[in-house]
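# have a look; sequence and predicted model below, questions after that.
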Amino acid sequence: MKINVNNEVREVSASPDTPLLYVLSDELHIKGPRFGCGLAQCGSCSVLLDGEEIRSCITPVSAVTGHSVTTLEGLPAFYAAEKKLPTVPALHPVQQAFIDEQAPQCGYCYNGMVIKAAELLSHTPQPSEAEIRSAMNGHLCRCGTYPRILKAIEGASRAMTGALK
Amino acid sequence: MKSSNSTMAFPRRDFLKGGGALVIGFSLGAVTPASRAFAQAPALPDPKLVDSWIAIHRDNTATAFFGKVELGQGSTTALLQIVAEELDVELSQLSAAQVDTKHSPNQGATVSSSSVERAGPQVRAAAAEARQELLRRAAQKLGTPVESLTVMQGIVHSKEGSVSYGELLGDQPFNVNFTGTAPQKPASKYRLIGSRVPRVDISAKVAGTYDYMQHATLPGMLHGRVVRPRGQGAYGAGAEVLGLDETSMKHIPDARIVRKGDFIGVVAPRQWDAVRAAEALKVTWRTPTTLSGDAALHEKMRSSKTTDSVIVEEGDVGKALSQSAHVVSASYRGPYQAHAPFGPSCALAEAAGDSALVICSTQDVYALRERIASVLGLPETRVRVQYVEGAGCFGHSCYDDAALAAAIMSQLVGKPVRVQFMRWDELGWDNYGPAHLGEIRAAADSEGKLVALEYHGWHHGWMIDETSEQLAVGKPVKEFATGAGSLIVNKVNVGGMYVTPNRRLINHAVSGLEGYLKGANLRSPLDLSYSFASEQTMDGLAYLAELDPVEFRRRNIRDPRWLGVLDAVVEAAKWTPRRAASARGQGAVITGRGVALGTHRVSFGAAVAEIEVNRKTGLIVAKHIYAALDCGLVVNPGAVESQIIGMTTQATSRVLKEEVRFSATNVTSLDWGSYPVLRFAEHPNITPILVQPPNTPSSGAGEEALAAAGAAIANAFFDATGVRLKQYPMTPDRVRAALA
């Protein structure tokens, strides 16, 4: 089976029903998406499928053939392509904002937080606080860093829309 | 991750390799035999040697060896700041070694918010001692007295010239005793301590390059899963296997069963096969009906035979209560709550022949080493435990259980085994924060002066035997119910911040071996329950005395540090004095505000909560919480503010939503649906406030505002509704029932 991950076509040997998460982790050694619940309840394993956030823990690998998977690792390139930037930045603006806010504690949920926030700002460049709260509501953070995540997404929105003017 | 040959002799320190190979987040600690030095040294680093704490490298960088682990709380950055400050190097020149029984000094478990408070002074003294020796050598080399030397960025300067730490000692041992007598930098000269330096782990965590425990691998490893009943029964009952149908997983040919006693697991080369096999394997367990069920829990505790101890007995409580103008009396209930780390516990073990390597996320590598050695039947010196950070644990979650499971499975199959708990394993077999029942009576005089307080607390203790060990070995379990460090009514949180002439606190220890769940330390152990009861009681007295709740507290506090946090939080929240419940709204959604004090062990916490209550649906929404913490000298204000934000969010979650549900046979809270925690859309805005009185040493900062934040929400509910909720979580069902 061949799947497209971060703009590379990769040959994988897993059985078709294997959740994408285990293929990404164990066969492709990609560290962004990681196991949280296996039930699509927490957002730990999020990736973008053709630009839309999905839960890789319940998505069979066979379902993504012919589609484009973007993980945390491929997010800066995805952003560069989306914005037609001449070069790929080291980090997506959302990642930079999370660092600027010193938002994470254990940071385990931040794969999903970054992926979901990037998707949100791609669709809604200047979300209201209510829109951010609603969009991010499927992503849990047990350390309780939600307030800094919220602030960081607002900061990333400003940085991204400012940069486009 | 590179291979680590666990069958090699275990040298103490991979000293000569330079800092890079040992830096947290960049390597999982595997080292090649060629780099091993000091192979003859004892396995446990001697804390009385400077070399056990600090190494200086040729490239003028340094490595610090800590015994405390990074759990996501940022304490590694703070400890590095302390060492860099004392050593006079930049933070960029200093790294922390991975915590590993092979080379880390034993500073005790990373619990009770002790890293900066207790380990901080130790590493500061070690760095001072190292600096003193480096200056002695520099003075010799430069031919100038020590007094004339200055240090910047690890380069020693004098009129005669300069020499770097790396040139003086590069990758050679200090060979100097750690006497603790070297002069230390005065606080007035601090440059790094007190500054908001970025945490050393955050960039990699956000970029996705951080090595979590869940990423660790070893060549030839198998994936393992534990197979247990969904949800634990009574502690000590184990999970007795009555039948096991091996054919039930024969459609997964690569998976095999591993069993030792009642411990059952499955292993497979592919992770998905292990997951499927664990689900498919049909096991019949004995399911005794020895639990009370969550609804009858507190009645069972209240009526059980207890071991009672007097925690505080001052004055004559009975007399004072009978003679006072205002008396409040009530019973309060707190549930079992789960650690519920966002990522379930994970561990990787290679137990082959006469030694074992266990890579895991334990809070105490040394205590776990002892336990693993005992279960595997190996001498402690043949077991090496390495720490790698996993998802935040907030106390004793299942990380040691997973480590033991991996070790047991690896020994059975003779290959490295990586065990990751499924969500239901983690939530269903947690060491829950114990439930609590508190009965309180308190009195104030007509001037609003607290006169008496009597408190009776019921709960069981901590159960320290790990499930994997118990199932595999079958030995009787123990409870840690009495003695130093066990759970007893917290005399600070139950009115200890107030001047109370007559006070009586009684601990009623319920036997945890008689049909209860497995309990252990959950962030700020039981303090939320104590403060939920006692701070609501203070509010009740303020109400009867017709006083503003802040004013009532001020009248009863003498300690300037308690007053300090109260004043700071009240000012931040722009609190205007009035009696509680005196401005109640009339609509469907009404608002309230509440104040409370609390702590864990040391430090001083205060909170003001602003909430909304929907009288129809019963839903409480915490809108804004102001939380002040006085933890003495703050090493990294940004990191401590982050801790305040996190613990306040968690307090909100715990007081509004979290409760472990269980039937007569087993726990039924097994996923994020059946164990709901606070979600993104529900989080309050949080204003963290640091209070730093001059010349106060650093004290715990990881849990001390949690109880205050939870109790402030409870007091805000009374302000909004005029009704007291006496049981948490304050769910819509309970709110509707209380308002009906």
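Sure thing, it's come through.
# contacts only, for the residue of the stretch 451-600 of chain B at minimum distance from chain A.
With Cβ to the nearest Cβ, the shortest gap between the stretch 451-600 of chain B and chain A falls at B:R523, namely 10.5 Å. Heads up, the C-betas are built off the backbone N, CA and C, glycines and all. Contacts for B:R523 (Cβ atoms under 8 Å, 6 or more residues apart in numbering or on different chains) come out as B:339, B:394-395, B:433, B:647, B:650, B:702-703, B:706.
# helices - which of the residues you listed land there?
Cross-referencing the contacts of B:R523 against helices under DSSP state H gives B:647, B:650, B:706.
# the last one touches B:D527, doesn't it?
Spelled out, that is B:L706. Yes: counting by Cβ atoms under 8 Å, B:L706 touches B:D527, with 6.7 Å between them.
# compare these two and say which is more crowded by neighbours.
B:L706 (32 against 29; other Cβ atoms under 10 Å in any protein chain shown).
# now that one: how far from B:M647?
B:L706 sits 4 Å away from B:M647, going by Cβ to Cβ, to the nearest Å.
# overlap of the contact sets of B:L706 and B:D527?
B:598, B:600.
# give me the contacts around the longest helix that chain A contains.
For chain A, the longest helix by residue count, based on DSSP H, is helix A:146-164. With Cβ under 8 Å, 6+ apart as the test, helix A:146-164 has contacts from A:83, A:93-94, A:96-98, A:100-103, A:113, A:117, A:120-121, A:125-127, A:129, A:132-133, A:136, A:141, B:642, B:645, B:649, B:678, B:680, B:683-686.
# inside helices: which ones of those residues?
Taking DSSP H as the definition of helices, the contacts of helix A:146-164 contribute A:93-94, A:96-98, A:100, A:113, A:117, A:120-121, A:129, A:132-133, B:642, B:645, B:649.
# which one of those residues is nearest to B:E546?
Nearest to B:E546, judged by Cβ to Cβ, of those is B:T649 at 34.1 Å.
# contacts only, for that closest one.
Taking Cβ under 8 Å, 6+ apart, we find B:T649 in contact with A:143-147, B:678, B:683-684, B:686.
# now, the most widely separated pair of these?
So, the contacts of B:T649 by Cβ to Cβ: farthest apart are A:C143 and B:P684, at 15.3 Å.
# what about those two, which has more around it?
Taking neighbours as other Cβ under 10 Å, A:C143 and B:P684 compare with A:C143 leading, 28 against 24.
# which residue does the stretch 101-250 of chain B have closest to chain A?
With Cβ to the nearest Cβ, the shortest gap between the stretch 101-250 of chain B and chain A falls at B:K205, namely 3.2 Å.
# got the confidence number for that residue?
Per-residue pLDDT puts B:K205 at 98.
# and it, what helix or strand is that in?
Assessed by DSSP states H and E, B:K205 sits inside helix B:202-207.
# need the next SSE after that helix, C-terminal direction.
Next in sequence after helix B:202-207, counting helices and strands by DSSP H and E, comes strand B:222-226.
# for the residue lying closest to A:E53 once chain neighbours are set aside, give its distance to B:G515.
Among residues not flanking A:E53 along the chain, A:E119 sits closest, at 4.7 Å (Cβ to Cβ, 6 or more residues apart in numbering or on different chains). Distance of A:E119 to B:G515, computed by Cβ to Cβ: 48 Å.
# need the contact list for the nearest residue to A:P89 once chain neighbours are set aside.
For A:P89, ignoring the flanking residues on the chain, the nearest one in space by Cβ to Cβ, 6+ apart is A:P76 at 5.2 Å. Neighbour list for A:P76: A:88-92, A:95 [criterion: Cβ under 8 Å, 6+ apart].
# can you select the buried ones from these in PyMOL?
With 16 or more other Cβ atoms under 10 Å in any protein chain shown as the criterion, this PyMOL line picks the buried residues out of these:
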select buried, chain A and resi 91+92+95
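# okay, the residue of the stretch 401-550 of chain B found nearest chain A: pLDDT?
Residue nearest to chain A within the stretch 401-550 of chain B (Cβ to the nearest Cβ): B:R423, separated by 4.2 Å. On pLDDT, B:R423 comes in at 98.
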